[in-house]
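Would you be able to build a 3D model of this:
(chains A and B)
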Amino acid sequence: MLRSGEHSVAITGLGVIAPHGDDPGAMFDALMEGRSGLRRWEGATDPVVAGTVQFDPARWFTKLQMLGLDRVSQLAVAAAEMARADAKVQDLDPLRVGVFVGCGMGGAISIETAFRSHATTGRVPPLSIPAGMGNAPAAHIAMRGGFKGPVLSYCVACSSSAVAIAEAGKSIRAGEIDVAFAGGTEAMLVPAIVRAWQMLQTLATPDPERIETSCRPFALDRSGFVLSEGAAFLVLESAASAQRRGARIYADLVGSGLSCDATHLTKPDAAGQARAMKGALASAGLQPADVGYCNAHGTATPAGDVVECDALRSVWGDDLGALRVSSTKSMHGHLLGGAGALEAMITVLALHRGQIPPTAFCSRPDPKCAVPLVREQGEAAPQLRAAISNSFAFGGTNAVLAFQRHH
Amino acid sequence: MSDTLEQLRELIKEKFDIDASSIDPNASVLESGLDSLALTELLFTVEEKFGVELLEAAREVTTLGGLAALIDQLRSGARPTPPAQSSAVPMR
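Reported below is the predicted structural model:
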């Protein structure tokens, strides 16, 4: 039973700044062809692979506006502005607009700059606190647009922006607001933090021959994830509002499921992930057989990919054969707090276009990851009606979003 | 016009891209396009550029002319008058 109509939430705008650029359609094209946006990171002397974004702040901000504006907020404001332009929303009642932002580490660059400055000179830039605080991106989006409804920040590690989108959807369904700018942002590519991730032994070993292929979810030769920066925002709108103004609707957000493993800070748990998947399906009124695509969390860590596949198998059971699974992180890397929103956008575009992007660089799938993978090249999927996007966080919080083709 | 005042105007132009030539040295800088956070940032940069420690004394400064005078005073080795009240920056 597929749900649509009054209770659904329409996705009417997309804005992105990602390793594949700032055009959602062109990004999706690149993903369908299995093209990686990852490259060697210039911030370290040893080889590190990362997903960096090309971004010119002068296009968006005056020098005065740049004061105390960390890169993480710059990317968020720009992506949200592009989502707004894409949705062509105008004359919004500012009290009926909310901003829901996921971010894992806030203004990490400003914080590292402050620490470095303090350690070397004893002096600290005075705007380090407002630049570094975790809710700065949401605040700047609100100030830029004059949005005066709920303006909220979600710090849930790698699930942050999936949680933000889920909560935005609930706020719209509850009638609190008509329109939400929901998404995520992350910009933590600074030496100390990259080193900390390396020390945690979670990052992919850079391939010396083809560094852009280093992230290999579900593959036997996977070795971890690739850090990326970027921001992605979706305009969520009540069905009534979207219909009233005749908006173009990419897809509908029809449900979400949140759960916590409550077992271990970093080790994934299939039972917890399965609860979030079942919760998303139940809230959407979907059966597993209705869902044709799962944009997996699929970070390419040895443990994480196996556990996610276990969870998918436990929920889909005999219906697994009709599901297609891919991890686009193989090409755009892991945006951490921004990952859920970027992958939600890709899932929405998969429904909108009837195309499923692949997991790239998975020439030899791990038998322990026995789910129907789309690999190397994308697939046409004109019958695709519903899809989910998985996000699983350090801290144990799992967030699953369910989308449906609009009709 | 003092050299210090002119250097401050150049600094504001460079840092904030604001044409400071029209800023009245006796008017509040908060009415010249700089908000309280920008003023805080300006004072930090002034310390770096002029090699002075403004400390508490700068909290009373509200005009560009006053800031220039304070910088000159500090550079001459004189101790500034301590402020009567705390931060002029509005904070929640």
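
so how many other residues sit close to residue 74?
No chain specified, so I'll use chain A. When neighbours are defined as other Cβ atoms under 10 Å in any protein chain shown, A:Gln74 has 23 of them. Bear in mind the C-beta positions are built from the backbone N, C-alpha and C, glycine included.

not quite, I wanted chain B
B:Leu74 is flanked by 20 other residues according to other Cβ under 10 Å.

hang on, it in a helix?
Yes - counting by DSSP: H, G, I helix; E, B strand; the rest coil, B:Leu74 is located in a helix.

Please give the element, helix or strand, for the most centrally placed residue in chain B.
When Cα atoms, centre = their mean is applied to chain B, the residue found nearest the centroid is B:Leu67 (4.0 Å). Assigned by DSSP states H and E, B:Leu67 belongs to helix B:64-75.

for that helix, which positions count as buried?
B:Leu64, B:Gly65, B:Gly66, B:Leu67, B:Ala68, B:Ala69, B:Leu70, B:Ile71, B:Asp72, B:Leu74 (16 or more other Cβ atoms under 10 Å in any protein chain shown).

Let me see the contact set for the residue nearest to the centre of chain B.
Counting by Cβ atoms under 8 Å, 6 or more residues apart in numbering or on different chains, B:Leu67 touches B:Leu8, B:Val29, B:Leu43, B:Val46, B:Ala58, B:Val61.

Okay, the residue lying closest to the last one once chain neighbours are set aside and chain A: tell me how far apart.
So that's B:Val61. Leaving aside its sequence neighbours, B:Val61 sits nearest to B:Leu67 (Cβ to Cβ, 6 or more residues apart in numbering or on different chains; 4.8 Å). Separation of B:Leu67 from chain A (Cβ to the nearest Cβ, to the nearest Å) stands at 15 Å.

tell me the pLDDT at B:Leu67?
On pLDDT, B:Leu67 comes in at 93.

same question, B:Asp19
Value listed for B:Asp19 in the pLDDT field: 87.

got the residues of chain A near chain B?
A:Thr62, A:Lys63, A:Leu64, A:Leu67, A:Gly68, A:Arg123, A:Pro125, A:Pro126, A:Leu127, A:Pro130 (Cβ under 8 Å from any Cβ of the partner chain).

which parts of the longest helix anywhere in chain A are buried?
In chain A, assigned by DSSP state H, the helix with the most residues is helix A:71-87. If you call a residue buried by 16+ other Cβ under 10 Å, then helix A:71-87 has these buried ones: A:71-84, A:86-87.

any idea how far that helix is from the chain center?
Remark: helix A:71-87 is offset 14 Å from the chain centroid, using Cα atoms, centre = their mean, to the nearest Å.

hey, C-alpha coordinates of it in CSV?
Extracted in CSV, the C-alpha atoms of helix A:71-87 (Å, rounded to 0.1, in the frame of the first residue of the first chain):
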residue,chain,number,x,y,z
ARG,A,71,33.4,27.3,5.9
VAL,A,72,30.8,24.9,7.3
SER,A,73,28.3,27.7,7.5
GLN,A,74,29.3,29.2,4.1
LEU,A,75,28.6,25.8,2.4
ALA,A,76,25.3,25.5,4.3
VAL,A,77,24.1,28.9,3.4
ALA,A,78,25.0,28.5,-0.3
ALA,A,79,23.4,25.1,-0.6
ALA,A,80,20.2,26.3,1.1
GLU,A,81,20.1,29.3,-1.2
MET,A,82,20.4,27.1,-4.2
ALA,A,83,17.7,24.8,-2.9
ARG,A,84,15.4,27.8,-2.4
ALA,A,85,16.1,29.1,-6.0
ASP,A,86,15.5,25.6,-7.3
ALA,A,87,12.1,25.4,-5.5
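
Tell me where the model's unsure across chain B.
Low-confidence segments of chain B (pLDDT under 70): B:1, B:79-92.

ok, which stretches of it are helices?
Using DSSP H, helices in chain B cover B:3-16, B:36-50, B:64-75.

Over in the stretch 1-150 of chain A, which residue gets nearest chain B? Let me know.
Residue nearest to chain B within the stretch 1-150 of chain A (Cβ to the nearest Cβ): A:Lys63, separated by 4.1 Å.
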